[in-house]
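Enquirer: Provided below are the primary sequence and the corresponding predicted coordinates.
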Amino acid sequence: MKKILFIEDEEALQRTMGDMLKEHGYKLFSALDGDAGIALAKDTMPDLILLDLVLPKKDGFEVLEHLRKDPTTKDIPVMVLTNLVEGADVERVLSLGATTYLVKANYSLQDIFAKIQAVLNHRP
């Protein structure tokens, strides 16, 4: 069973996405802030991390930097799922090693799920 960590401070989105992922047989771990997300990533070693950029405690940029510097989490694919649309944000996230950058408002849950499956299907 593939494990997904969702680091997102919007509880409604956490629930909706979580329900959909569980229905499709994924094990979901959730964190509502950056610090909890980093700790959970180390504890659970997920197959994929979904990461919002606007988070309490540590923002998504800091979380991504931390994950990439840590030898235990550096190879976990990170899919950024955010409402930030600035080109500079996109470039920064991709330069920090994110696999995918999705603007929440531009994708349906089904589209996001398809992208999740595509990333997971390319992992050994």
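Expert: Perfect, I can see it now.
Enquirer: The nearest residue to Gly97 once chain neighbours are set aside - how many residues pack around it?
Expert: Leaving out its chain neighbours, the residue that sits closest to Gly97 by Cβ to Cβ, 6 or more residues apart in numbering is Arg68, at 4.8 Å. C-beta: built from backbone N, CA, C; applies to glycine. Neighbour count of Arg68, defined by other Cβ atoms under 10 Å: 15.
Enquirer: In a helix, Arg68, correct?
Expert: Yes - assigned with DSSP: H, G, I helix; E, B strand; the rest coil, Arg68 falls within a helix.
Enquirer: Quickly note the distance from it to Val78.
Expert: Distance of Arg68 to Val78, given as Cβ to Cβ, to the nearest Å: 8 Å.
Enquirer: Over to Lys57?
Expert: From Lys57 to Val78 the distance is 17 Å (Cβ to Cβ).
Enquirer: neighbour count winner among those two?
Expert: Neighbour totals were compared for Lys57 and Val78, and Val78 leads with 27 against 15 (other Cβ under 10 Å).
Enquirer: what's near enough to touch the more buried one?
Expert: Leu48, Ile49, Leu51, Leu64, Leu67, Gly97, Ala98, Thr99 (Cβ atoms under 8 Å, 6 or more residues apart in numbering).
Enquirer: how about the strands in this protein?
Expert: Ranges of strands in the chain, per DSSP state E, are 3-7, 27-31, 48-51, 78-82, 100-103.
Enquirer: Which among those strands is found nearest to Glu91?
Expert: Nearest of those to Glu91, taken as Cβ to Cβ: strand 100-103 at 9.3 Å.
Enquirer: Just the buried residues of that closest one, please?
Expert: Thr100, Tyr101, Leu102 (16 or more other Cβ atoms under 10 Å).
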